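Student: Show me the folded form of this:
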Amino acid sequence: ISDRPVEDDESEDDKPEWEKEEIKDVIKRVHGTFADDENIDKDKFYDDVRMLQISEGFDNKIKMYVVLQGIFYNHTMTNAILKGNALNCVKTTASLMEAEEVLWGFDLYLHCNSESLGKKHAMVLKVLYDEDIVEDKEILTHYRRAGVDEDDNPGFAQACECAEKFLEWLEESSDESESD
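Tutor: Take a look at the predicted model:
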């Protein structure tokens, strides 16, 4: 019999960052902040999330994911509920981020909520586009990349598949506006 402790199938260090307990705790805290006051000032919400980001040391990609999971904690984000103050908080969070970071966070959200979000992801992307959170060229650049490793961008392949019709529409619209 060994004196070494029995190890779990996967140690906390081996987990992807978004599955670690620290991030799950941050998501719960963000949810608590938003759930306690759904009319929270978007700037106060941003400041609270930013302080959590600094204290826990995660990057902007994870921050976007944390915000989405925190706001839409017990229900799926859809274009129908990505509005009002939830949208304002998402916009404020995204405003100081690169489009790639924002879209990565949305891809990860899809990855973790695929059963309930699935094909609705295209409509969520349309809200991001309509609300000028990300531009058409940024969306197309992100989703038309080749050779993306699912480990580096979890949810990417599924996001591309779910959003294909929207991406086609965006390409056509972009082509039309360039020819004008």
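
Student: Can you check what pLDDT the model gives residue 34?
Tutor: Looking at residue 34, its pLDDT reads 89.

Student: swap that for residue 56, sorry
Tutor: Residue 56 is given a pLDDT of 96.

Student: Over to residue 102?
Tutor: With respect to pLDDT, residue 102 scores 98.

Student: Flag the shaky bits of this protein, pLDDT-wise.
Tutor: Counting by pLDDT under 70, the chain contains low-confidence ranges at 1-10, 75-81, 177, 179-180.

Student: Return the distance of the host helix or strand of residue 116 from the chain's centre.
Tutor: If you go by DSSP states H and E, residue 116 is part of helix 114-117. How far helix 114-117 lies from its chain's middle: 14 Å, per Cα atoms, centre = their mean, to the nearest Å.

Student: Skip ahead from it and say which helix or strand is next.
Tutor: As assigned by DSSP H and E, the chain's next helix or strand after helix 114-117 is helix 121-130.

Student: Show residues contacting the very next helix or strand once past that next one.
Tutor: Counting by DSSP H and E, the next helix or strand C-terminal to helix 121-130 is helix 136-143. The contact list for helix 136-143 (Cβ atoms under 8 Å, 6 or more residues apart in numbering) reads 99-100, 103, 125, 128-129, 156, 159-160, 163, 167, 170-171, 173-174. The C-beta positions use only the backbone N, C-alpha and C, and glycine is treated the same way.
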